[in-house]
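Asks: Take a look and give me a structure for this.
(one chain, ligands or ions: 1)
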Amino acid sequence: MSIWRVQGGYPLEGSLTIQGAKNAVLPVLAAAILTGCETELTNVPALRDVEASLEILRQLGCVVQRQGGTVAIDSRNVTGCRIPRELTGQMRSSIVFLGAILARCGQARIAMPGGCELGPRPVDLHLAAMEALGAEVRVEQGEIVCRAPGLTGGTVHLALPSVGATENAMIAACAARGETILTGAAKEPEIVELQGFLRVLGADVEGAGTSVIKIRGMRPVRHALWRVMPDRIVGATMLCACACAGGDLELRGLDPAHVGSVAEELAAMGAQLDAGTRRLRIRCGGRLRGGRTIVTEPYPGFPTDAQPLMMAASLKAAGRTTFVENIFDHRYRQAAHFAAMGADIRLDGRRAVVTGVERLRGARVEAEDLRGGAALIIAGLGAEGETEILDRGHVARGYEGFDRVLSALGGHIKIDPARQE
Ligand code: EPZ
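Replies: Got it, this is the predicted structure:
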């Protein structure tokens with residue numbers, strides 16, 4: 001547990017290269033066990049969720065080495081097919097290993113990822129996709145148990161464009177006999193990245209980025225090299241941080257199209273955005289304007305992960321900003337903490353209405369989930385005085401050295417180990 005201490009009133013100035021993407025590297029780490037090969041990944045971010053995934057790979061029998069942003073995985077001797085509760089407890093998204101373990105081992109046993117800060121995290125679409133590929137699936141004593149001596153290609157339809165279920169189906173289908181047509185697939189950039197990595201592994205995959213993905217098996221390779229894409233949600237976080245603190249930031253490495261919906265909303269609120277090739281500049285001075293309705297949707301709509309961050313940016317914007325959270329059931333947990341800082345937010349089911357206030361005051365608040373925690377930190381940049389954010393390890397799951405990044409840009413922020421109360 002730690003306490004973030006943020007002093008408001010200092011604008012952010014300068015440029016930064018955006019870290020590797022958490023939500024791109026996690027499915028790639030899972031897919032690395034599909035065949036017995038040596039994989040080298042670069043631009044891997046230093047995150048708790050990545051460390052948890054590397055531990056899962058080691059428990060499955062892989063040899064894993066990390067040197068800075070480079071991770072080497074030797075998956076020639078995968079001996080295990082089980083992820084115990086103590087590891088799924090550390091990282092809910094360990095479900096993304098299901099398809100890869102089933103494809104490699106012919107069976108998989110993974111503790112159910114329980115509900116989390118965002119609400120229930122059902123896995124019905126993941127399990128239905130495995131069944132559609134010929135697996136026997138059952139849940140016993142809180143564990144998902146899958147068996148598939150051989151997977152068979154076919155049509156897999158996802159009733160919802162689930163990112164994780166799309167990733168599991170793509171990975172498992174690489175080991176299936178014949179062609180798999182995946183319909184209703186998610187279109188997130190991380191899905192396109194996974195397709196690119198699967199191709200490097202020798203898979204025949206096409207269509208990622210659309211709702212129909214075709215997989216026709218794979219011709220395994222012995223060595224695979226892959227660079228992790230920049231994290232678009234960290235990019236969105238920095239754009240919203242500049243909106244909260246004011247200043248002039250240049251983000252490097254990021255594809256501006258991947259944060260298009262967020263940049264569009266900030267520009268409509270009065271921020272100045274200039275996009276170039278793999279770079280995006282934002283300038284914010286003076287009070288932003290509200291008046292928008294921000295609706296979270298699957299990509300390319302406004303990303304649910306950026307909703308808490310955009311809410312932070314709207315707290316002092318003149319007028320009303322309305323949010324509609326369509327993806328998760330409990331993703332407004334940061335609102336009560338914003339209110340403790342003087343924000344005016346009314347919650348009504350999936351809607352949240354923010355009426356901009358002239359000023360926010362530093363307060364003692366708590367991070368209840370990953371993006372909510374980041375939102376409280378950036379809101380503190382625009383508050384008067386010091387904001388203390390109690391954090392039980394949420395922020396480090398998704399942000400690499402967030403205190404160092406913000407300090408290097410002029411933010412006054414530090415992390416203290418929390419007194420054990
Ligand atoms: C991924 O989660 C991301 N995580 C999430 O980012 C992101 O918020 C989410 O996609 C939506 O974009 C990773 O990539 C590791 P979903 P995932 O399956 O795959 C429902 C962050 O902060 N659903 O697309 O778990 C589900 O309840 C995290 O980085 C089912 O009903 O999300 C939700 O309402 C948070 N049944 C909706 O679909 C299922 O079997 C979208 O979930 C699966 C999902």
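
Asks: what about stretch 388-399, how long is it end to end?
Replies: With CA to CA, to the nearest Å applied, stretch 388-399 spans 18 Å between its terminal residues.

Asks: for the record, mean pLDDT for that stretch?
Replies: Stretch 388-399 shows a mean pLDDT of 96.

Asks: Could you do stretch 23-36 as well?
Replies: On average, stretch 23-36 scores 97.

Asks: buried ones in it?
Replies: The neighbour-count check on stretch 23-36 (16 or more other CB atoms under 10 Å) flags 23-35 as buried. C-betas here are computed from N, CA, C, even on glycine.

Asks: ok, and does it reach over to the ligand?
Replies: Yes. Contact of stretch 23-36 with the ligand (CB under 6 Å from any ligand atom) involves 23, 26.

Asks: same thing with stretch 342-361?
Replies: No. Stretch 342-361 lies apart from the ligand when judged by CB under 6 Å from any ligand atom; the minimum separation is 11.4 Å.

Asks: what separates stretch 119-130 from the chain centre, distance-wise?
Replies: Centre-to-centre, stretch 119-130 and its host chain are 18 Å apart (CA atoms, centre = their mean, to the nearest Å).

Asks: What residues of that stretch count as buried?
Replies: Across stretch 119-130, burial judged by 16+ other CB under 10 Å covers 121, 123, 125, 126, 127, 128, 129, 130.

Asks: Which ones, among those, also lie beside the ligand?
Replies: Among these, the residues lying close to the ligand (CB under 6 Å from any ligand atom) are 121, 123, 125, 126.

Asks: Quick one: residues in contact with stretch 38-51.
Replies: 19-22, 25-26, 28-29, 32, 66, 69-76, 90-91, 93, 201, 222-231, 393, 396-401 (CB atoms under 8 Å, 6 or more residues apart in numbering).

Asks: quick one: which of the residues you listed sit in helices?
Replies: Using DSSP state H, the members of the contacts of stretch 38-51 that fall in helices are 22, 25, 26, 28, 29, 90.

Asks: now the fourth one: how far from residue 90?
Replies: Taking CB to CB, to the nearest Å as the criterion, residue 28 is separated from residue 90 by 19 Å.

Asks: Out of the buried residues of stretch 23-36, the closest to residue 154 would be?
Replies: Closest approach to residue 154 among those (CB to CB): residue 34, at 18.9 Å.

Asks: Secondary structure of that closest one: a strand, I assume?
Replies: No. Assessed by DSSP: H, G, I helix; E, B strand; the rest coil, residue 34 does not belong to a strand; its assignment is coil.

Asks: Tell me how far it lies from residue 102.
Replies: Distance from residue 34 to residue 102, by CB to CB: 10 Å.

Asks: And residue 360, by the same measure?
Replies: In terms of CB to CB, residue 360 sits 48 Å off from residue 102.

Asks: now swap in residue 413 and tell me
Replies: For residue 413, the distance to residue 102 (CB to CB) stands at 43 Å.

Asks: of these two, who's got more company?
Replies: Between residue 413 and residue 102, counted using other CB atoms under 10 Å, residue 102 has the larger neighbour count: 27 against 22.

Asks: Quickly find the element holding that one.
Replies: In the assignment (DSSP states H and E), residue 102 maps to helix 98-105.

Asks: does the ligand sit close to that helix?
Replies: No. Residues of helix 98-105 contacting the ligand under CB under 6 Å from any ligand atom: none, with a closest distance of 10.7 Å.

Asks: Partner strands of whichever helix or strand comes after that helix and their direction?
Replies: Scanning forward in sequence from helix 98-105 by DSSP H and E, the next helix or strand is strand 107-111. Looking at strand 107-111 with DSSP bridges, its partner strands are strand 82-83 (parallel), strand 143-147 (antiparallel).

Asks: Show the average pLDDT along strand 107-111.
Replies: In this model, strand 107-111 carries a mean pLDDT of 96.

Asks: starting at the chain centroid, how far to it?
Replies: On CA atoms, centre = their mean, the centre of strand 107-111 falls 23 Å from that of its chain.

Asks: ok, how many other residues are close to residue 281?
Replies: Residue 281: 17 surrounding residues under other CB under 10 Å.

Asks: To clarify, my last question referred to residue 359.
Replies: Neighbour count for residue 359, taken as other CB under 10 Å: 12.

Asks: for this structure, where's the lowest mean pLDDT among helices and strands?
Replies: Ranked by mean pLDDT, DSSP states H and E, the weakest helix or strand in the chain is helix 85-90, scoring a mean of 85.

Asks: and that one, which residues are buried?
Replies: 87, 88, 90.

Asks: Once you drop chain neighbours, what's closest to the last one?
Replies: Among residues not flanking residue 90 along the chain, residue 52 sits closest, at 4.5 Å (CB to CB, 6 or more residues apart in numbering).

Asks: Can I get the helix or strand where the one you found lies as PDB, trimmed to CA atoms?
Replies: Using DSSP H and E, residue 52 maps to helix 48-59. What follows is helix 48-59, C-alpha atoms only, in PDB (Å, rounded to 0.1, in the frame of the first residue of the first chain):
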ATOM      1  CA  ARG A  48       2.600  -5.600 -11.900                       C
ATOM      2  CA  ASP A  49       0.300  -7.300 -14.400                       C
ATOM      3  CA  VAL A  50       3.200  -8.100 -16.700                       C
ATOM      4  CA  GLU A  51       5.200  -9.500 -13.700                       C
ATOM      5  CA  ALA A  52       2.200 -11.600 -12.800                       C
ATOM      6  CA  SER A  53       2.000 -12.900 -16.400                       C
ATOM      7  CA  LEU A  54       5.700 -13.800 -16.400                       C
ATOM      8  CA  GLU A  55       5.200 -15.800 -13.200                       C
ATOM      9  CA  ILE A  56       2.300 -17.700 -14.800                       C
ATOM     10  CA  LEU A  57       4.600 -18.500 -17.700                       C
ATOM     11  CA  ARG A  58       7.300 -19.800 -15.300                       C
ATOM     12  CA  GLN A  59       4.700 -21.900 -13.500                       C
END
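
Asks: same question for that helix, mean pLDDT?
Replies: For helix 48-59, the per-residue pLDDT averages 96.

Asks: Pull up the residues of this structure that are close to the ligand.
Replies: Proximity of the chain to the ligand is confined to 22-23, 26, 93, 121-126, 160, 162-165, 186, 233, 304-305, 327-328, 370-371, 398 under the rule CB under 6 Å from any ligand atom.

Asks: where does the chain have low pLDDT?
Replies: The chain contains residues with pLDDT under 70 at 114-116, 419-421.

Asks: Run through the helices of it in chain order.
Replies: Here the chain has its helices, by DSSP H, at 22-31, 48-59, 85-90, 98-105, 124-132, 163-173, 189-200, 232-245, 260-268, 307-314, 335-340, 370-381, 402-408.

Asks: Good, we can wrap up now.
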